[in-house]
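Trainee: Pasted the sequence and its predicted model underneath.
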Amino acid sequence: MIAVAAAIYLFDCVVLLERGQALWTKSAMSFGSLHYQVRGRAVALLNPLAPFMPTLRTAPLFAPASGVDAAVALKALAPLASLGLLQLALVLVALPICLYRAPGWPFFAALVLAYLNALLMLTLIAWRFGRSGMPRRPLIALGFGWLACLPLSINSVRKAGLAFDIGSDASKQIESLSGNARERARADLAAQIGEAMVDLEEGDERRLALARMKGELEASDGRL
């Protein structure tokens, strides 16, 4: 049972990204693997040890803006970080310990607390999204999954942020990073763009636009 719960949680940490699309946190950016793809999309893995860290997804390159501001979304989710950490401790630590050491009332109490915490996170996320003017419709399906399968609720904070794309693409969101994190993100984005260009014909306007973007990234970082 513990292995199944852990496997469900790890599977929920897998995210598929378009080429040039990125997972963004306040201090880092991840573009997924260059070599592993599913249905033409790059495979990225959320840090299994940090479900409390709000994570957003940049818009695909050249996609219409979603209208969701990254700073607003981050501000809405940040206060729930402690509840996300608590859910990780309840589901993957407290429940397994109680199951084997105290399978009676202690296990039942931990189970009830885990469900109440999942419901509290869903309620608070919906409330804060509403106050911030962010879309709440994706929370219907997500919330059902969190309550129907507790291991999925561990990722509540991150999956709520990944339910939509923010209004800026990776080339713009990189500027919010600093130091080595910005340099690594530029290098990773340039590599992703190079992969995307391979799939496009020479005269394709998207290929030309990607080439210009890659040139700008290389010009802004002499090490690329």
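Mentor: Done, it's in.
Trainee: how close does the residue nearest the centre of the chain get to residue 132?
Mentor: Closest residue to the average C-alpha location of the chain: residue 55 at 4.2 Å, with CA atoms, centre = their mean. For residue 55, the distance to residue 132 (CB to CB, to the nearest Å) stands at 17 Å. For every residue, glycine as well, the C-beta is placed using N, CA and C.
Trainee: Now for residue 138: which residues touch it?
Mentor: 160, 163-164 (CB atoms under 8 Å, 6 or more residues apart in numbering).
Trainee: I'd like the residues you listed written out as CSV, with neighbour count and pLDDT added.
Mentor: Below are those laid out as CSV (neighbours: other CB atoms under 10 Å; pLDDT from 0 to 100):
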residue, neighbour count, pLDDT
160, 31, 95
163, 21, 91
164, 19, 89
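Trainee: Turn the residues you listed into TSV, including distance to residue 94 and secondary structure.
Mentor: Putting the contacts of residue 138 into TSV (distance: CB to CB, whole Å; DSSP: H, G, I helix; E, B strand; the rest coil) gives the following:
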residue	distance to residue 94	secondary structure
160	23	helix
163	27	coil
164	32	coil
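Trainee: What's the first helix or strand after the top helix by length along the chain?
Mentor: For the chain, the longest helix by residue count, based on DSSP state H, is helix 105-132. Downstream of helix 105-132, the next assigned helix or strand under DSSP states H and E is helix 138-148.
Trainee: Okay, buried residues for that next one please.
Mentor: 139, 142-143, 146 (16 or more other CB atoms under 10 Å).
Trainee: What ranges does this structure have for its strands?
Mentor: 14-17, 23-24, 29-30, 37-38, 41-45, 56-59, 165-169 (DSSP state E).
Trainee: In the protein, where is pLDDT below threshold?
Mentor: 65, 199-201, 203, 219-224 (pLDDT under 70).
Trainee: if we go to 50?
Mentor: 223-224 (pLDDT under 50).
Trainee: For the contacts of residue 138, could you give me a markdown table that also reports distance to residue 104?
Mentor: Supplementary listing: the contacts of residue 138 in a markdown table, determined by distance: CB to CB, whole Å:
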| residue | distance to residue 104 |
| --- | --- |
| 160 | 34 |
| 163 | 38 |
| 164 | 43 |
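Trainee: Out of those, flag the one nearest to residue 4.
Mentor: Residue 4 lies nearest to residue 160 out of the contacts of residue 138, by CB to CB, at 23.9 Å.
Trainee: mind putting the buried residues of helix 138-148 in CSV, distance to residue 99 included?
Mentor: Supplementary listing: the buried residues of helix 138-148 in CSV, determined by distance: CB to CB, whole Å:
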residue, distance to residue 99
139, 30
142, 26
143, 25
146, 20
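Trainee: With that, I have no additional questions.
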